[in-house]
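Just the structure for this:
(2 chains)
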Amino acid sequence: MNGCELMKYAIETFDLTKKYGNFAAVDTLNMKIENKSIFGFLGPNGAGKTTTIKMLTCLIPPTSGTANVAGYDIIKYPNEVRQKIGMVPQLVSLYGDLTARENAELCADYYGLPKDLKAERIDELMELVDIKYAENKMVKQLSGGQKQKVSVVASLIHQPDILFLDEPTIGLDPTTKQVLWELIEELNSKGHTIILCSHDMYEVDLLCENVGIINQGKLAAFNTPQALKDQMMAEEKSAKRSRMSEIVSEIEKKSSPAINGTIDELKGIIVDSEKENGEYREISILINNLNDELVAKMTRLPVVFEINEHHSGRIKMDISKCDNAVNDVIWTIIKNGGNITSISTQDPSLEDVFVKVTAREKTEGE
Amino acid sequence: METKKIMWMLKKDLIVLWRHKPRLFSIFLFPILMIALFGYGMGGSIENIPVVVVKQTDGPVTDATLNAIKDTSLYNVKDIINDPQRGREMVESGQVKAAILLPPDYENLTSSNSKSVVIYVDSSDQMATQALVPATQALFSQISAKIGMQKLEAMGVPSTSVQVQSQGVQTSSPLAGINFQNIMNSINFQINKIYGDIKYIDFLVPAILAMTVMMGAMMSMGESLAGERERGELARLFMTPTSVATVVGGKIISRLVIQTSTSMVLIVAAIILFGITINGSMALTILLLILSALCFVGFGIMVSARVGTQEDYIQMVMPFTMPMMFISGVFYPLETMPWIFQKIAYLAPLTYANDALRTVMLKGGGLGDIWVDVAVLLGFTLLFFALGVTRFNRDI
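Next up, the predicted model:
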């Protein structure tokens, strides 16, 4: 993978900006994407995600600022950049009337691959993505997943350092999705940097080491998925604390019967806050013979902070985040004759982070 | 390497054509259909217009007139009747395009009064009227001349009656001296067709060739660039380290090959179906067609440079192609149009293509006769390409 081996960053942008008239689709974007990582690039529709990708892949020039992609400046050396990158676009960009192999051959020639290497490389890639069996079929006759695989072959034919994937699994069935995810990880392990644009938070959380969320042309968040989720939890806590101190000061100022409601709210927040300090998590258990006695037993458990609801066999509760909490809960249920059908815990997801980050930016923007 | 890329476009287009037999069929059938439609529909002279003759008397003059009318291929005599009112009704009801009314005193040669032949024409049919009126006038002036001479003979002038009877009015009498035949024919009209006997179809074919090349080139460019952009196919090429000029160059070569072969088919069809002859050089004709194809492909590229979809492309190209077809002298000579249209026509590349092709194919002209047309077409082509390539949007 030549020069890219030495670089720390596969992509570095410097005040990258694209304006359409007065509207800045991408506004002084600065971000660094580590070499050989899988980077998730997120953002709501119209946030500037596609525009950024188009600039990085040299399809449109930036209005101002620039970027280094695979060590080359996108403005000064667009052809060198193009040689170093591959792209699997959202809209399958293959000639529908040509066969899978003809498409790959066309791409190989457009990337200037030597003749003796061409056939070998195509075979190798087709076997890697498992599409060799359909190589002589016209692309328009292939299924969505098969097309996407051919698109991957066409994008990798010149062994690019960086592979851009724009919504690669959109509209694919879960099995095919799984296959593509495995492929993405395999490609990454072979040294390709992967830039994954997606709206599928599960996919991003699963695959990406780093995530950037762009909103209204600016980078709204940039970190590892876990750090973003933790950060969100911390933010929620601090928001509650600040509301608490507001309420306390309100009580100090006023003293009237109307204050009772405020005091109640304060109490609730204090309870919440205490739970948070104890690192709680939400757990949901389905017990097919759930009864009041069992609920009462659970309430008394020290690791259970609060039972949120219990009906039709499902019990949702906030429990301590300490290691033995889930164990204690399950043990109690089994000891009392409860029959567990399913169990799930609920942590903040990347989706929560996404919604929160983009919503906040919007409010700030307005 | 760039050659390889350019050739890929041709290869790809040919493969696609081969896999889409109906498209292949229509590419070659369309021009033949065009030439057949224009050739048979408009190219021939007008004949067999249905007419009715109303005779109100009988006699040798009437019979001679009826025979003269029947012998003229312009008329298709549906009926010979006696009632003038009925004749008019037949025109009004659309059964015939005209009713020719011979007056009741048509046989009275000795009368010194001139006789009025009346023709009712269906003036709602422009083409029929335009053909009928002058032809009928000419026919009756001949008949009138004949009657005039018979009158003179009846007045006792000897000698030429036999001549007139046998030779008809058109030929001048070989006899010298005082000869009424000579008096009648003292003005002799002679037509010298300097390019030979050129029919309307001959006039049409060069322009139809140019027009077909124009339509083919412009329409296929829509599919070729705007269509591929719309389907995302062009994006794949633009992601590779390939210049716009190479991608566009590939498209040009590919279209040019296809357009040139359609033109060949067209020329062959015109020769076989209508027996047209190319008076000038065949090679020059083909070169002109290639140049015209290049020019219109260039126009297509210029428009495709910024549009995102095939529909947008067609919307943008239509306002140019349709008026160009009518304004650039395809069907009628440029000089017969209002002056403003003539001026606009000089802005249309098709005008120059038509003129050059007519000069070569009809008049047998060489490069020296058409250098202005060629220069203008080349100028247009370069302008279109320059604008197309520089304005071309790489965006997908």
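
B:V257: which element?
Using DSSP states H and E, B:V257 maps to helix B:244-274.

ok and the next helix-or-strand element following that helix relative to helix B:244-274, angle-wise?
Counting by DSSP H and E, the next helix or strand C-terminal to helix B:244-274 is helix B:282-304. With axes from the mean of the first three to the mean of the last three C-alpha atoms, to 10 degrees as the basis, helix B:282-304 and helix B:244-274 are set at 130 degrees to each other.

Buried residues of helix B:282-304, list them for me.
B:284-285, B:287-304 (16 or more other C-beta atoms under 10 Å in any protein chain shown). Any C-beta I mention is one placed from the backbone N, CA and C, and that applies to glycine too.

That helix - contacts with which helices or strands?
helix B:200-221, helix B:244-274, helix B:310-327, helix B:349-361, helix B:367-391 (3 or more C-beta pairs under 8 Å, 6 or more residues apart in numbering or on different chains; DSSP states H and E).

Now do it against helix B:200-221, angle only.
Going by the same axes, to 10 degrees, helix B:282-304 makes 40 degrees with helix B:200-221.

Show the average pLDDT along helix B:282-304.
Across helix B:282-304, the average pLDDT comes to 90.

thinking in terms of the whole chain, how far from its middle is that helix?
21 Å (C-alpha atoms, centre = their mean, to the nearest Å).

Do you know the pLDDT at B:F189?
So B:F189 comes in at 61 (pLDDT).

Now do the domain split for the chain, please.
By default, I'm working from chain A. A:2-223, A:225-277, A:279-366 (automatic domain parsing).

wait, chain B
B:2-43+B:199-391, B:49-157.

Name the helix or strand of the chain that has the lowest mean pLDDT.
Just going to use chain A. Comparing helices and strands within chain A by mean pLDDT, DSSP states H and E singles out helix A:259-277 as the least confident, with a mean of 65.

The intended chain is chain B.
For chain B, counting by mean pLDDT, DSSP H and E, that's helix B:161-167 with a mean of 35.

Mind putting the helices and strands packed on helix B:282-304 into TSV with mean neighbour count?
Formatted as TSV, those follow (neighbours: other C-beta atoms under 10 Å in any protein chain shown):
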stretch	mean neighbour count
helix B:200-221	23
helix B:244-274	19
helix B:310-327	16
helix B:349-361	26
helix B:367-391	16
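
what ranges do the strands span in the stretch 101-250 of chain A?
Secondary structure of the stretch 101-250 of chain A, counting by DSSP state E, counting those that start in this stretch: strands at A:162-166, A:193-197, A:210-215, A:218-223.

quick one, which of the domains of chain A is packed in tightest?
domain A:2-223 (a mean of 19; mean count of other C-beta atoms under 10 Å in any protein chain shown).

Point me to the residue of the stretch 1-150 of chain B nearest chain A.
B:V16 (4.4 Å; C-beta to the nearest C-beta).

what's the helix or strand for that residue?
Assigned by DSSP H and E, B:V16 falls in helix B:2-19.

what's the following helix or strand after that helix?
Next along from helix B:2-19, by DSSP H and E: helix B:21-38.

Which elements pack onto that following helix?
Going by 3+ C-beta pairs under 8 Å, 6+ apart, helix B:21-38 lies up against helix B:2-19, helix B:200-221, helix B:244-274.

Now render the ones you listed as a markdown table, adding distance to A:T193.
As requested, the helices and strands packed on helix B:21-38 are arranged in a markdown table below (distance: least, C-beta to C-beta, whole Å):
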| stretch | distance to A:T193 |
| --- | --- |
| helix B:2-19 | 27 |
| helix B:200-221 | 38 |
| helix B:244-274 | 27 |
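
Reformat the ones you listed into TSV and put distance to A:I184 and mean pLDDT next to each item.
Listed next are the helices and strands packed on helix B:21-38 as TSV, based on distance: least, C-beta to C-beta, whole Å; pLDDT from 0 to 100:
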stretch	distance to A:I184	mean pLDDT
helix B:2-19	29	89
helix B:200-221	38	83
helix B:244-274	30	85
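
Of the ones you listed, which is nearest A:A67?
Shortest distance between A:A67 and the helices and strands packed on helix B:21-38, using C-beta to C-beta, is found for helix B:244-274: 21.2 Å.

Going by contacts, tell me the helices and strands next to the closest one.
helix B:2-19, helix B:21-38, helix B:200-221, helix B:233-239, helix B:282-304, helix B:367-391.

what would these look like in CSV with distance to A:V26?
What follows is those, written out as CSV (distance: least, C-beta to C-beta, whole Å):
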stretch, distance to A:V26
helix B:2-19, 31
helix B:21-38, 41
helix B:200-221, 33
helix B:233-239, 19
helix B:282-304, 27
helix B:367-391, 23
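
so which of those helices comes closest to B:T65?
helix B:200-221 (29.8 Å).

Contacts made by the helix or strand following the closest one with the rest, please.
Note on helix B:200-221: by DSSP H and E, the next helix or strand toward the C-terminus is helix B:228-230. Here helix B:228-230 makes contact (C-beta atoms under 8 Å, 6 or more residues apart in numbering or on different chains) with B:L234, B:A235, B:S304, B:V307, B:G308, B:T309, B:Q310, B:I396.

how about the nearest residue to the most centrally placed residue in chain A, chain neighbours excluded?
When chain A is reduced to its mean C-alpha position, the closest residue under C-alpha atoms, centre = their mean turns out to be A:V204, at 2.9 Å. Nearest in space to A:V204, with sequence neighbours left out and distances taken as C-beta to C-beta, 6 or more residues apart in numbering or on different chains, is A:G40 at 3.8 Å.

part of a helix, is that neighbour?
No - with DSSP: H, G, I helix; E, B strand; the rest coil as the criterion, A:G40 is strand rather than part of a helix.

Can you give me the pLDDT of B:S73?
Value for B:S73, per-residue pLDDT: 81.

Would you report the backbone torsion angles of A:S344?
phi -150, psi 150 (degrees, to the nearest 10).

before we move on, what about B:K78?
As for B:K78, its main-chain torsions (degrees, to the nearest 10) stand at phi -80, psi -40.

Could you look up the SS state of residue 65?
Unless you meant another one, I'm taking chain A. Strictly by three-state DSSP, A:G65 counts as strand.

not what I meant, chain B
With three-state DSSP as the criterion, B:T65 reads helix.

Then A:A296?
helix.

Run the angle between the helix holding B:V16 and helix B:200-221 for me.
Per the same axes, to 10 degrees, the angle that helix B:2-19 makes with helix B:200-221 is 110 degrees.

Helix B:2-19: which residues count as buried?
Here helix B:2-19 shows B:K5, B:I6, B:W8, B:M9, B:L10, B:K11, B:K12, B:D13, B:I15, B:V16, B:L17 as buried, counting by 16+ other C-beta under 10 Å.

Next, work out how far apart the nearest residue to B:M1 once chain neighbours are set aside and B:F392 are.
Counting by C-beta to C-beta, 6+ apart, B:M1 lies nearest to A:G112, which is 5.2 Å off, once chain neighbours are set aside. A:G112 is 21 Å from B:F392, where distance means C-beta to C-beta, to the nearest Å.

is it true that B:V54 touches B:L101?
Yes - using C-beta atoms under 8 Å, B:V54 is in contact with B:L101, at 4.6 Å.

list residues touching both of those two?
What both B:V54 and B:L101 touch, as defined by C-beta under 8 Å, 6+ apart, is the set B:P84, B:G87.
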